[in-house]
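Trainee: sequence unavailable; structure follows:
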């Protein structure tokens, strides 16, 4: 009877074992969160790698995001940007949009940084990490090139298309358009956006 | 209810009702313009009529540096938001030759007045710094240049989103002005 009573007492978790259990649970949660974030953050880099050999051709740039400005496409459409003898072409899914060199009025290039984890999914993941850990995720970013093209439609209407390319691609593409005869004006150099390391 | 339990209930009730009466009385006195001479009634928002609109190119002043992608994004976002208002039969772009024959045309000018470049990383990490903002004068004119309506609009991105999202915010506000004024 005495022994049974002692056994029962030892099976009830004490305050210290409860604390350890909570600590392990919290540690597991944090590890899971960090793993999830790293996986999501690494996914775009893995998907970009096979694209590198494609880029060596110079004329075709895959994984380009058209931020805005092509009427037949929704803002944020992803596709392939390529240069043709008569101008440039952006294809997304089944849609292909051509911009003739003669209609291009100006071309701008720039550089920006984009968050590795972004969009609605990224924001939700950041919010789900406890103790404000989501802010740490915001520290991870990568450089991208921005290509902005001013062009006219058949009626002379002004258009502006903005593309986001992987870093180091925009200047070469712009030079190609200029070599084909696209107009380019002199631009004021803006100071580099300050980067928080 | 027993008399002993009714006493605290009554005292709490009388205190609460007294406070409510006092608050109502104070708010009545605090309202401006009730006593004395009546305030002038604000003019009803000026309504414009036009069946076609043309958005002119955004040209920033010489002393104001705005990134080209921001300028173009502002233009394209305003075009998109104008089409969503469904207030006009046709939205003409700047330089469109067919706009010359368009009847009942109003011309929209966006004149940048201030620009503050933010930082997405700073914004998302600190949540208090790094906001991007653009201040623009929105001007509706007749085709011959007579100013019909003029308002200042500020587009911002404060917490989440890329810097160009400030132009989307600005375009939304321009669309609100169009909805209120046409």
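Mentor: Everything's here; your move. Computed from a predicted structure; not experimentally measured. Numbering: from 1, shown residues only, chains lettered A, B, ... in the order given.
Trainee: show me the shaky parts of chain B.
Mentor: Scanning chain B for pLDDT under 70 picks out B:1-7, B:25-46, B:121-129, B:158-161.
Trainee: can you list the domains in it?
Mentor: Domain assignment for chain B by automatic domain parsing gives B:1-40, B:52-181.
Trainee: can you tell me which of the ones you listed is most buried?
Mentor: domain B:52-181 (a mean of 18; mean count of other C-beta atoms under 10 Å in any protein chain shown). (C-beta placed from N, C-alpha, C; glycine too.)
Trainee: so is that domain next to chain A?
Mentor: Yes: Domain B:52-181 reaches chain A (C-beta under 8 Å from any C-beta of the partner chain) through B:57, B:65, B:67-69, B:71-73, B:75-77, B:80, B:92-98, B:117, B:119-122, B:124-125, B:127, B:160, B:162-164.
Trainee: so what would you say the end-to-end distance of that domain is?
Mentor: End-to-end distance of domain B:52-181 (C-alpha to C-alpha, to the nearest Å): 14 Å.
Trainee: host element of residue B:12?
Mentor: helix B:3-30 (DSSP states H and E).
Trainee: what's the helix or strand that that helix is followed by in contact with?
Mentor: Going down the chain from helix B:3-30, the next helix or strand is strand B:52-55, by DSSP H and E. Outside strand B:52-55, the residues that touch it by C-beta atoms under 8 Å, 6 or more residues apart in numbering or on different chains are B:75, B:78-79, B:82, B:87-94, B:96, B:99, B:102-108, B:110.
Trainee: the same query, at a cut-off of 7 Å, please.
Mentor: For strand B:52-55, the surrounding residues in contact (C-beta atoms under 7 Å, 6 or more residues apart in numbering or on different chains) are B:75, B:78-79, B:82, B:88-94, B:96, B:99, B:102, B:104-108.
Trainee: now stretch A:71-84
Mentor: The contact list for stretch A:71-84 (C-beta under 7 Å, 6+ apart) reads A:59-68, A:88-92, A:95, A:97, A:163, A:165, A:173, A:176-177.
Trainee: mind doing that once more with 8 Å?
Mentor: A:59-68, A:70, A:88-93, A:95, A:97-98, A:147, A:159, A:163, A:165, A:173, A:176-177, A:180, B:80.
Trainee: among the residues you listed, name the ones in strands.
Mentor: Cross-referencing those against strands under DSSP state E gives A:60-68, A:88-92, A:95, A:97-98, A:147, A:159, A:163, A:165.
Trainee: which of those residues count as buried?
Mentor: Neighbour-count burial (16 or more other C-beta atoms under 10 Å in any protein chain shown) applied to these gives A:61-68, A:88-92, A:97, A:147, A:159, A:163, A:165.
Trainee: of those residues, list those near chain B.
Mentor: Near chain B, judged by C-beta under 8 Å from any C-beta, the entries from these are A:67, A:68, A:159.
Trainee: list just the nearest of those residues to residue A:151.
Mentor: Comparing these against residue A:151 with C-beta to C-beta picks out residue A:159 as the nearest, at 5.2 Å.
Trainee: so the closest one makes contact with residue A:152?
Mentor: Yes: if you go by C-beta atoms under 8 Å, residue A:159 and residue A:152 touch, sitting 6.9 Å apart.
Trainee: tell me how far the closest residue to residue B:61 other than its chain neighbours lies from residue B:87.
Mentor: The shortest distance from residue B:61 to any non-neighbouring residue, by C-beta to C-beta, 6 or more residues apart in numbering or on different chains, is to residue B:112 (6.9 Å). Residue B:112 sits 24 Å away from residue B:87, taking C-beta to C-beta, to the nearest Å as the criterion.
Trainee: could you pull out the strands for chain A?
Mentor: Counting by DSSP E, chain A has strands at residues A:60-68, A:77-84, A:87-92, A:95-100, A:104-115, A:141-152, A:158-166.
Trainee: residue A:131: which of those is closest?
Mentor: Each of the strands of chain A has some distance to residue A:131 by C-beta to C-beta; the shortest is strand A:104-115, at 20.1 Å.
Trainee: against which helices or strands is the closest one packed?
Mentor: Judged by 3 or more C-beta pairs under 8 Å, 6 or more residues apart in numbering or on different chains; DSSP states H and E, the packing partners of strand A:104-115 are strand A:141-152, strand A:158-166, helix A:170-180, helix B:68-85, helix B:120-126.
Trainee: residue B:154 is nearest to which of those?
Mentor: Comparison of those against residue B:154 by C-beta to C-beta identifies helix B:68-85 as nearest, at 12.4 Å.
Trainee: could you point out the helix or strand that follows the closest one?
Mentor: For helix B:68-85, the following helix or strand on the C-terminal side (DSSP H and E) is strand B:90-93.
Trainee: what's the helix or strand just after that next one packed up against?
Mentor: Sequence order places strand B:105-116 as the next helix or strand after strand B:90-93, per DSSP H and E. Packing contacts for strand B:105-116, counted by 3+ C-beta pairs under 8 Å, 6+ apart, involve strand B:52-55, helix B:68-85, strand B:132-141.
Trainee: helix B:68-85 and strand B:105-116, what's the angle between them?
Mentor: Interaxial angle, strand B:105-116 versus helix B:68-85 (axes from the mean of the first three to the mean of the last three C-alpha atoms, to 10 degrees): 140 degrees.
Trainee: name the surrounding residues that touch strand B:105-116.
Mentor: Here strand B:105-116 makes contact (C-beta under 8 Å, 6+ apart) with B:48, B:50, B:52-56, B:58-61, B:64-66, B:70-71, B:74-75, B:78, B:82, B:92, B:99, B:131-143, B:148, B:152, B:174.
Trainee: with stretch A:143-153 instead?
Mentor: Under the contact criterion C-beta under 8 Å, 6+ apart, stretch A:143-153 has outside partners A:69, A:81, A:88, A:99-100, A:103-114, A:158-171, A:173-174, A:177, B:68-69, B:72, B:93, B:95-96.
Trainee: same question, stretch B:152-165
Mentor: Contacts to stretch B:152-165, defined as C-beta under 8 Å, 6+ apart, come from residues A:67, A:112, A:114, A:118, A:123, A:162, B:69-70, B:73-74, B:113, B:117-120, B:123-124, B:127, B:131-138, B:166-171, B:173-174, B:177.
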